[in-house]
Structure formats: C-alpha cells, structure tokens
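**Q** My questions are about this predicted structure, shown below with the sequence.
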Amino acid sequence: MNILFDIGHPAHVHYFKFVIRALQKEGHHIYITARERYPVFELLEAYGLKYFNRGKGANSKIGKILNIFIIDYKLFRFAKKNKINLMVGFGSFYISHVAKFLGIPSIILDDTDNATFGQFLYRPFATKILSPESFSKDFGKKHKKFRSFMELSYLHPDYFSASPEFRKDIKLESDEKYTLIRFVSWNAHHDIGHKGITVENKINAVHRFSKYGKVFITSEGELPNELKKYEIKIEPHKMHDVIAGASLLFGESATMASEAAMLGVPAIFIDDDGRSYTNELQKRYGIVWNFTESVRDQQLAVEMGCSILSGKENSFTNTSSRIFSENINVTEYILNEIKESLK
C-alpha cells in the first residue's frame, strides 16, 4: 500500500519515524510531505527518510488561511500522482481535506487541547482521530483514546537509550550538571495571543540556574545579546540525549517538558493554556510543574526551578520506569490503527 505521512513540526518526525520503518519492513511504500521549518528536514535526513517539501508556514492570520488552500492543492497533486491509499498526520487538517476529496481514509493524531482552529478544520473530514486519554475533548465516534503519551512513540525503552557522547560536542565533563532551557517562537496557530516569558525573566532564570551548574538554551527565535553565549550548538537528532542528561528542563515547550518526564528529568512548563498531558504528568507523576505566563507565575517558576536544582524536591529516579509500566507503546498502537484502516 502507498501511505503518506505529513510532517509539520520536528516532533512529528519522532512520532512517526519508527512507525514508518516498521511499515517499510512490511513492504509498504511510504511517502513523506514536510513543512520547510528548522529542524524538520535536518531530522528527516539524519534518519534517512526521503521527503517532499510542501513549503513554509505562514505567521499572519491571513497568511495562515491562504496557506490552507495552497498546501491542500500541493498535497492533492502529490497524493493523486503517487496513488496514495492512506494519509496520516498529527493535527494535519490538510491531509483530512485531501483524503476526503480523494475518497481515501485519513488518520489524525492530536494531543494539543488548545489547537481549536486546526481541530475545527480537520474534525469533519478525518476518518479517524487518535488522542491520549488525558486529552480533554471528545470528537465523537471517530475519536479513539489510548492510555499513554505521544512521546512514548519514540522515547519508549524499546526505541531509545540515552548516549553520553553529546557531552564532547558541548565540552561537558561526564559528571557535570546542567539545566536545559527552551524558548519557542509562538508562531503556531494555537499560539496566537501568547507572549511567553519576558526578556527580564529569561535573563533572571539563566542567572539563577547558573548557580547550580551550566545552563544551555535552545530557542526557536533569536536570543537577547546577553543570552546568546548560552545557546547550545548540537545536532538536532542528539537533543533527546541532551534532555536525558539534564538536571532540569525549563521553558515554553510542552513537548520537551513531556520528553523530559519520559526520561525521568523534572520539567517546568510555562503557557497560559497549558496542556492536558503536562497536567497529567504533574498530577499523576509529580515530575512536571505547570505555570501561566503571568509575570508572577514566571517568577514562581524560576523559584521552583531553583528548588528542584537544590535537591529540595522529591527524587525522580523511578518516575520514568513507572511511566513506562503504566502506559502503552504508542508506535505499536499507531501501527495497529493503520493496519485496521487499510483493511
């Protein structure tokens, strides 16, 4: 069968890379369409996955709306030319439209509660919608939920084992402690209206955390001059090794906060909307702390970070093992759903 995966975000590469490899081994023909956004292409190339460049995204509201028609048309031509039998994506309303028009099934995965605009666009057209149990919305009969986190599609111990080799790349000693900070660009359609952490609090967080070890920053946007020396220089496919070795993950990325939790690393996530899965990781496992973007909450988040780094919080040694034992292997689940859709 000819199966198309649409990739719109670096995390989507990870969600589907082991699914794709398993399907290829079974003899299926895999096609990948990918958004031109760093480091999507870099990750696909690192994993030896060929792709079709479907173009860049848009930042303005009007641009995002126009882009729907442009990308729908590109994907329609690509899918028709390659005689696609099934389309799969994460929150990709584009493939739901194209698949419906072509009369083929589509599978949409989603764990982002506040992606209301995208959900409005894919819900009527998708054949099947898959989400973690923590997902707060219910889209009816076509919506199935599973007990797990999306990050276990690639950070499950069946697929990932952290390597310390990256330490040579960033000149870290084998036992040297560090904090990893993540800032996002706030350009996604579900980020409209968000501002994130203030420059003052970004600088404050770095200075405070530096008392407990080195600090590295990974940022989608340009950093203030005062923080540029902290920006990590590492190949994108090694980032999970970096997360696994950190003492703390702090920042504006829900995905990276969840990745850290899967790897037994405490995380602080700052976002006014929050996410159901990071709430679940706080309530059920006590390894993620959620804060709003208010200036007061940003300050409290930094204080909590210092508390974690000083050893005042509980140990997280066995947390990842508990997460693995209580949640399913998401790659296997997606594979089963794909096979069911191809019958």
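**A** That came through, no problem.
**Q** Going along the chain, name the strands of the stretch 1-150 of the chain.
**A** 2-7, 29-34, 52-53, 86-90, 106-109, 128-132, 143-146 (DSSP state E, counting those that start in this stretch).
**Q** Please convert the ones you listed to TSV, extending it with distance to residue 43 and mean pLDDT.
**A** For the C-beta atoms, the positions are set from N, CA and C on the backbone; glycine is no exception. What follows is those, written out as TSV (distance: least, Cβ to Cβ, whole Å; pLDDT from 0 to 100):
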stretch	distance to residue 43	mean pLDDT
strand 2-7	9	98
strand 29-34	9	98
strand 52-53	14	98
strand 86-90	14	98
strand 106-109	18	98
strand 128-132	22	98
strand 143-146	24	98
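**Q** Select, out of those strands, the one closest to residue 313.
**A** strand 128-132 (25.2 Å; Cβ to Cβ).
**Q** List the strands paired with that closest one, with their directions.
**A** strand 106-109 (parallel), strand 143-146 (parallel) (DSSP bridges).
**Q** Can you tell me what sits against the first one?
**A** Just to be clear, that refers to strand 106-109. With Cβ atoms under 8 Å, 6 or more residues apart in numbering as the test, strand 106-109 has contacts from 15, 86-93, 95-96, 98-100, 122, 125-131, 150, 334, 337-338, 341.
**Q** CA atoms only: put that strand into PDB for me.
**A** Presented in PDB, the C-alpha positions along strand 106-109 are these (Å, rounded to 0.1, in the frame of the first residue of the first chain):
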ATOM      1  CA  SER A 106      -7.100   9.600   6.900                       C
ATOM      2  CA  ILE A 107      -5.800   9.200  10.500                       C
ATOM      3  CA  ILE A 108      -5.200  12.300  12.600                       C
ATOM      4  CA  LEU A 109      -3.400  12.200  15.900                       C
END
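**Q** about what we covered before: figure out which of the strands of the stretch 1-150 of the chain is closest to residue 280.
**A** Comparing the strands of the stretch 1-150 of the chain under Cβ to Cβ, the one sitting nearest is strand 128-132, at 7.9 Å.
**Q** how many degrees apart are the closest one and strand 86-90 in direction?
**A** Comparing the axes of strand 128-132 and strand 86-90 via axes from the mean of the first three to the mean of the last three Cα atoms, to 10 degrees yields an angle of 30 degrees.
**Q** Narrow the contacts of strand 106-109 to those that are buried.
**A** Neighbour-count burial (16 or more other Cβ atoms under 10 Å) is assigned, among the contacts of strand 106-109, to 15, 86-93, 95-96, 98-100, 122, 125-131, 150, 334, 337-338, 341.
**Q** one step back: now the strands paired with strand 128-132 in TSV, with distance to residue 171?
**A** Output for these, formatted as TSV (distance: least, Cβ to Cβ, whole Å):
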stretch	distance to residue 171
strand 106-109	38
strand 143-146	41
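**Q** Tell me which of those strands approaches residue 195 most closely.
**A** When the strands paired with strand 128-132 are compared by Cβ to Cβ, strand 106-109 sits nearest residue 195, at 28.3 Å.
**Q** Please give the centre-to-centre distance between the closest one and its chain.
**A** 16 Å (Cα atoms, centre = their mean, to the nearest Å).
**Q** cool, stretch 317-330 as well?
**A** 18 Å.
**Q** Convert the C-alpha atoms of it to PDB, please.
**A** In PDB, the C-alpha atoms belonging to stretch 317-330 read as follows (Å, rounded to 0.1, in the frame of the first residue of the first chain):
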ATOM      1  CA  THR A 317      14.800   8.200  39.900                       C
ATOM      2  CA  ASN A 318      12.000   5.700  39.400                       C
ATOM      3  CA  THR A 319       9.500   8.000  37.700                       C
ATOM      4  CA  SER A 320      10.300   7.100  34.100                       C
ATOM      5  CA  SER A 321      10.100   3.400  34.900                       C
ATOM      6  CA  ARG A 322       6.600   3.900  36.400                       C
ATOM      7  CA  ILE A 323       5.500   5.900  33.300                       C
ATOM      8  CA  PHE A 324       6.700   3.100  31.000                       C
ATOM      9  CA  SER A 325       5.000   0.400  33.000                       C
ATOM     10  CA  GLU A 326       1.600   2.300  33.200                       C
ATOM     11  CA  ASN A 327       1.400   3.400  29.600                       C
ATOM     12  CA  ILE A 328       1.300   1.600  26.200                       C
ATOM     13  CA  ASN A 329       3.900   1.600  23.400                       C
ATOM     14  CA  VAL A 330       2.400   4.300  21.100                       C
END
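**Q** ok, now how distant is the spatially closest residue to residue 248 that is not a sequence neighbour from residue 246?
**A** Closest residue to residue 248 apart from its sequence neighbours, by Cβ to Cβ, 6 or more residues apart in numbering: residue 179 at 4.6 Å. For residue 179, the distance to residue 246 equals 6 Å [Cβ to Cβ, to the nearest Å].
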